[in-house]
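Undergrad: The following block contains a protein sequence and its predicted model.
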Amino acid sequence: MKLNISFFLLILCSLLSGCAMSPETVRYEDTSFVSDPLSSFDHEETVPVIDNTIYVSVMGEVMSPGVYILPESSRVFELINEAGGTTKDADLTGINMVLKLTDGMQLYVPGISSRENNAPADSSFNSPALININTATLEELSTLTGIGATRAKAIIDYREKNGPFNTKEDLMLVNGIKQGIYDGLKDEICAQ
C-alpha cells in the first residue's frame with residue numbers, strides 16, 4: 001500500500017511539475033478600444049438629420065450636363081446652378097425655374113436655335129421643354145427616358161428613311177420602341 005501511495009505521489013508531482021514547465025497562453029486585452037462607438041458621443045448633442053436626396057438629370061445647354069444628387073426639396077434653378085449654369089445659347093423661356101424637382105426627373109435646356117422645334121404652341125411654364133422627335137439630335141434623344149444611344153440612332157434612321165413623325169405616337173413605329181417605352185417618355189416629347 002505504501003508503494004501505491006508513493007507511486008501515486010510520484011505521478012502527481014510529475015504532472016504538477018510538468019504543468020509548471022509548459023508554456024502559458026497569455027491573453028492581451030486592448031482596453032483602449034471602445035466596444036460601443038456611440039459611448040464617445042456626448043448624449044446631450046443632437047445629431048443632424050440628413051435630408052433625403054434625389055437623383056436628377058440635366059442635359060442640353062448647361063455647362064456640365066449629367067446626373068446630380070440634390071436634396072429632395074430642390075428646384076429647377078438649383079439644378080441648373082449645380083450644373084455650372086447655362087451656356088450663352090440657352091433658352092429658358094419654356095422652363096419654370098422654381099418647379100420643384102422629383103426623383104428621376106430629367107430636364108432638357110434647349111438652345112435658342114431650337115426654340116420653335118422643342119416647345120409645343122400650348123406649352124406650359126410648369127414643365128420642362130419638350131423634345132421634338134422630328135428635329136432632335138442623337139444627344140437630345142438619348143436623354144429621353146428609356147432611350148439610349150442605340151434607340152436614339154434608330155429614331156433618326158427611321159425619320160431619315162420615312163420622313164417626319166406625324167404624331168408622337170408614331171414613335172412606336174421605330175423598331176425597339178413599344179408601348180411600355182412610349183408610356184415612359186410620352187410626356188417628354190412632341191412631334192411638330
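TA: Thanks, I have the structure now.
Undergrad: following the worst-scoring helix or strand of the chain on mean pLDDT, which helix or strand comes up?
TA: The weakest-scoring helix or strand in the chain, judged by mean pLDDT, DSSP states H and E, is helix 115-118 (a mean of 49). Using DSSP states H and E, the helix or strand that follows helix 115-118 in sequence is strand 131-132.
Undergrad: So in that sheet, which strands flank that following strand, and in what orientation?
TA: Sheet pairing for strand 131-132, assigned by DSSP bridges, gives strand 189-190 (parallel).
Undergrad: for the partner strand, what is the average pLDDT?
TA: Mean per-residue pLDDT for strand 189-190: 88.
Undergrad: Kindly report the same for stretch 131-148.
TA: Averaged over stretch 131-148, pLDDT sits at 87.
Undergrad: could you dump that stretch to PDB, C-alpha only?
TA: C-alpha atoms of stretch 131-148 as PDB (Å, rounded to 0.1, in the frame of the first residue of the first chain):
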ATOM      1  CA  ILE A 131     -38.000  67.300 -77.200                       C
ATOM      2  CA  ASN A 132     -39.200  67.400 -80.800                       C
ATOM      3  CA  ILE A 133     -38.700  63.900 -82.100                       C
ATOM      4  CA  ASN A 134     -38.600  65.200 -85.700                       C
ATOM      5  CA  THR A 135     -35.600  67.500 -85.200                       C
ATOM      6  CA  ALA A 136     -33.800  66.300 -82.000                       C
ATOM      7  CA  THR A 137     -30.200  65.300 -82.300                       C
ATOM      8  CA  LEU A 138     -28.800  62.000 -81.200                       C
ATOM      9  CA  GLU A 139     -27.700  63.600 -77.900                       C
ATOM     10  CA  GLU A 140     -31.100  65.100 -77.200                       C
ATOM     11  CA  LEU A 141     -33.000  61.900 -78.000                       C
ATOM     12  CA  SER A 142     -30.600  59.900 -75.700                       C
ATOM     13  CA  THR A 143     -31.800  62.000 -72.800                       C
ATOM     14  CA  LEU A 144     -35.300  60.600 -73.000                       C
ATOM     15  CA  THR A 145     -36.500  58.000 -70.500                       C
ATOM     16  CA  GLY A 146     -35.800  54.500 -71.800                       C
ATOM     17  CA  ILE A 147     -33.900  55.800 -74.900                       C
ATOM     18  CA  GLY A 148     -30.200  55.200 -75.100                       C
END
